[in-house]
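K.L.:
Quick check, what structure comes out for this input:
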Amino acid sequence: MITALIGGIAANPWARAALRYATIALAVLLFLLSIRRNGERAGRMAERLETSEKINDVQRQMLDAAARRPRDRDELAEQLRDGRF
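P.N.:
Reported below is the predicted structural model:
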């Protein structure tokens with residue numbers, strides 16, 4: 001029965017043309033959906049990269065601040081007296 005249906009479609013030139021255009025339309029639709037999904041994925045990855053860059057900046061600032069801090073109470077008192085704090 002299915003082979004008769006396919007044979008009937010193959011025999012009719014209008015049906016073949018319709019099947020060809022339907023196949024092309026389906027391929028284009030799937031291609032567009034794939035592009036959309038890849039765009040969304042790229043957007044999420046860009047957002048993650050931006051977030052990690054912000055986190056790295058904050059951590060770098062914290063490490064710089066820790067490196068500049070006074071070593072002990074005497075150094076802190078000296079900085080406060082000199083007005084360098």
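K.L.:
For this structure, which helix or strand comes out least confident on mean pLDDT?
P.N.:
Counting by mean pLDDT, DSSP states H and E, the weakest-scoring helix or strand in the chain turns out to be helix 2-11, with a mean of 63.
K.L.:
quick check: longest helix of the chain.
P.N.:
helix 13-68 (DSSP state H).
K.L.:
what is the mean pLDDT for the helix or strand containing Asp74?
P.N.:
Using DSSP states H and E, Asp74 maps to helix 73-82. For helix 73-82, mean pLDDT is 88.
K.L.:
and it, C-alpha only, in PDB?
P.N.:
Taking Å, rounded to 0.1, in the frame of the first residue of the first chain, the C-alpha atoms of helix 73-82 are listed here in PDB:
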ATOM      1  CA  ARG A  73      50.200  47.100  63.900                       C
ATOM      2  CA  ASP A  74      53.400  49.100  64.000                       C
ATOM      3  CA  GLU A  75      53.400  49.600  60.200                       C
ATOM      4  CA  LEU A  76      49.700  50.600  60.400                       C
ATOM      5  CA  ALA A  77      50.400  53.100  63.100                       C
ATOM      6  CA  GLU A  78      53.300  54.600  61.100                       C
ATOM      7  CA  GLN A  79      51.000  54.900  58.000                       C
ATOM      8  CA  LEU A  80      48.300  56.600  60.000                       C
ATOM      9  CA  ARG A  81      50.900  59.100  61.400                       C
ATOM     10  CA  ASP A  82      52.300  59.900  58.000                       C
END
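K.L.:
Low-confidence bits of this structure, can you list those?
P.N.:
1-10, 85 (pLDDT under 70).
K.L.:
try 90 this time
P.N.:
Scanning the chain with the threshold set as pLDDT under 90 gives 1-19, 65-76, 78-85.
K.L.:
what's near enough to touch Gln61?
P.N.:
Contact partners of Gln61, counting by Cβ atoms under 8 Å, 6 or more residues apart in numbering, are absent. Every C-beta, even on glycine, is put in place using the N, C-alpha and C of the backbone.
K.L.:
and it, how far is that from Arg68?
P.N.:
11 Å (Cβ to Cβ, to the nearest Å).
K.L.:
With Leu30 instead?
P.N.:
Distance of Leu30 to Arg68, computed by Cβ to Cβ: 57 Å.
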